[in-house]
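[1] Sequence plus the predicted model coming up.
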Amino acid sequence: QVQLVESGGGLVQAGGSLRLSCTASGRTFSSYAMGWFRQAPGKEREFVATINWSGSNTYYADSVKGRFTISRVNANTVYLQMNSLEPEDTAVYYCAAARIGGVWRSDGAYDYWGQGTQVTVSS
């Protein structure tokens, strides 16, 4: 059974940092792309960052570029380092995995999803 589990969310003041982790299990994800999405209350889910199967290529939403960094620790673990956090970053953050190992902005490209972790940034 494939599972993606996010961790590392929490409450932080504006300007602070958090590191989210996503650990996948149930199979080897070495050929999969991994991505992070987020959903704020009353808003649609939006793309945050993605990394290809090898970790050699990444892509970010404009809203987080220069502040967030996605990295691949191993085949089944991905981090999202979030710096200079803003209240607008408050959302539930979801990890996702795509069988085709490129970089994908569309949530339709992803096959597996985690349950999400809450990030709250206070002003």
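    Looks like it came in fine. Owing to the predicted nature of the structure, the values given are computational and were not obtained by experimental measurement.

[2] from here on, contacts and neighbour counts on C-alpha atoms
    Will do.

[3] so how far is residue 20 from the spatially most central residue of the chain?
    Centroid check for the chain by C-alpha atoms, centre = their mean gives residue 36 as the closest residue, at 2.3 Å. Distance, residue 36 to residue 20, by C-alpha to C-alpha, to the nearest Å: 10 Å.

[4] so what's the closest residue to residue 90 other than its chain neighbours bridging to?
    In space, residue 90 comes closest to residue 120 once its chain neighbours are excluded; the distance is 4.6 Å by C-alpha to C-alpha, 6 or more residues apart in numbering. Residues in a beta bridge with residue 120, per DSSP bridges, are residue 11.

[5] Can you report how many residues neighbour residue 120?
    21 (other C-alpha atoms under 10 Å).

[6] Identify the residues contacting it.
    9-12, 87, 89-91 (C-alpha atoms under 8 Å, 6 or more residues apart in numbering).

[7] Mind picking the one among those that's closest to residue 54?
    residue 9 (25.4 Å; C-alpha to C-alpha).

[8] shouldn't the closest one be in contact with residue 18?
    Yes - Residue 9 is within contact range of residue 18, at 7.1 Å (criterion: C-alpha atoms under 8 Å).

[9] Give me the common contacts of residue 36 and residue 20.
    What both residue 36 and residue 20 touch, as defined by C-alpha under 8 Å, 6+ apart, is the set residue 80.
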